[in-house]
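Visitor: this one's structure only:
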Ligand SMILES: Nc1ncnc2c1ncn2[C@@H]1O[C@H](COP(=O)(O)OP(=O)(O)OP(=O)(O)O)[C@@H](O)[C@H]1O
Ligand SMILES: Nc1nc2c(c(=O)[nH]1)N=C(CO)CN2
């Protein structure tokens with residue numbers, strides 16, 4: 001049994017439908033789904049705002065690599081084109097955490113190497129797991145503390161919408 005934290009995002013096509021496709025594919029493996037947040041683009045590329053959410057899921061058979069492939073398969077199904085780094089995309093599925101595993105493998109770095117810098121990941125995560133912690137630089141850090149140390153303007157760029165993903 002593995003328990004993962006997934007960050008999902010979209011700013012192309014029908015972003016809400018793209019996010020819903022992940023919840024649908026997970027089915028009863030969903031443990032918790034955050035609200036959907038409209039977020040200002042992170043990373044310096046000028047583009048449309050994103051919709052983002054964070055999910056917790058568990059599965060008896062999938063290992064951490066299996067979760068990576070699961071996400072990549074859904075990205076492909078959403079016709080994701082790999083073009084500009086940190087640019088527009090129909091669907092991005094990132095493995096933020098997988099059972100607390102720490103790995104520097106470039107194909108699957110755990111925890112996700114940039115999750116701790118991203119309010120669009122941490123704010124929704126905190127909503128569904130208020131005592132969440134993430135390993136940063138080899139030590140566990142409480143997500144609420146990570147958020148406090150992020151640039152206030154980035155946090156201010158995260159706006160909760162009244163759209164909600166409904167878990168099955
Ligand atoms: N924890 C992880 N979750 C998802 N992909 C990862 C992870 N660690 C490494 N990768 C690798 O990152 C590669 C690039 O992923 P992707 O195209 O989604 O990056 P990106 O969304 O542009 O940027 P970022 O990784 O900063 O979110 C993938 O081929 C994947 O193998
Ligand atoms: N707000 C926001 N910004 C981003 C996002 C995202 O999901 N949300 N994904 C990116 C690609 O990794 C780059 N920038």
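Guide: Thanks, I have the structure now. Worth saying up front: this structure is predicted, and the values here are computed from it rather than measured. Ligands and ions are numbered 1, 2, ... in the order given.
Visitor: Residue numbers of the protein in contact with ligand 1?
Guide: 68, 82, 85-86, 92, 94-95, 107-110, 112, 114 (Cβ under 6 Å from any ligand atom). Where C-beta positions appear, they are placed from N, C-alpha and C, glycine not excepted.
Visitor: Look up the pLDDT of residue 81 for me, please.
Guide: The model reports residue 81 with a pLDDT of 81.
Visitor: For it, give its distance to residue 59.
Guide: 28 Å (Cβ to Cβ, to the nearest Å).
Visitor: does residue 51 count as helix, strand or coil?
Guide: strand (DSSP: H, G, I helix; E, B strand; the rest coil).
Visitor: Smallest distance to ligand 2 belongs to which residue of the chain?
Guide: residue 9 (2.5 Å; Cβ to the nearest ligand atom).
Visitor: circling back: compare residue 81 and residue 59 and say which is more crowded by neighbours.
Guide: A count of neighbours by other Cβ atoms under 10 Å puts residue 59 above the other of residue 81 and residue 59, at 15 against 11.
Visitor: Which residue is the nearest non-sequential neighbour of that one?
Guide: Excluding the flanking residues, the one nearest residue 59 by Cβ to Cβ, 6 or more residues apart in numbering is residue 29, at 5.1 Å.
Visitor: Can you lay out the residues of the chain next to ligand 1 as CSV showing secondary structure and distance to ligand 2?
Guide: Converted to CSV, these look like this (DSSP: H, G, I helix; E, B strand; the rest coil; distance: Cβ to the nearest ligand atom, whole Å):
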residue, secondary structure, distance to ligand 2
68, helix, 15
82, coil, 11
85, coil, 8
86, coil, 4
92, strand, 5
94, strand, 7
95, strand, 13
107, coil, 16
108, coil, 15
109, coil, 13
110, strand, 16
112, coil, 10
114, coil, 8
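Visitor: how about these in a markdown table, adding neighbour count?
Guide: Shown next, in a markdown table, are those (neighbours: other Cβ atoms under 10 Å):
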| residue | neighbour count |
| --- | --- |
| 68 | 19 |
| 82 | 8 |
| 85 | 8 |
| 86 | 13 |
| 92 | 19 |
| 94 | 19 |
| 95 | 22 |
| 107 | 7 |
| 108 | 16 |
| 109 | 14 |
| 110 | 21 |
| 112 | 20 |
| 114 | 15 |
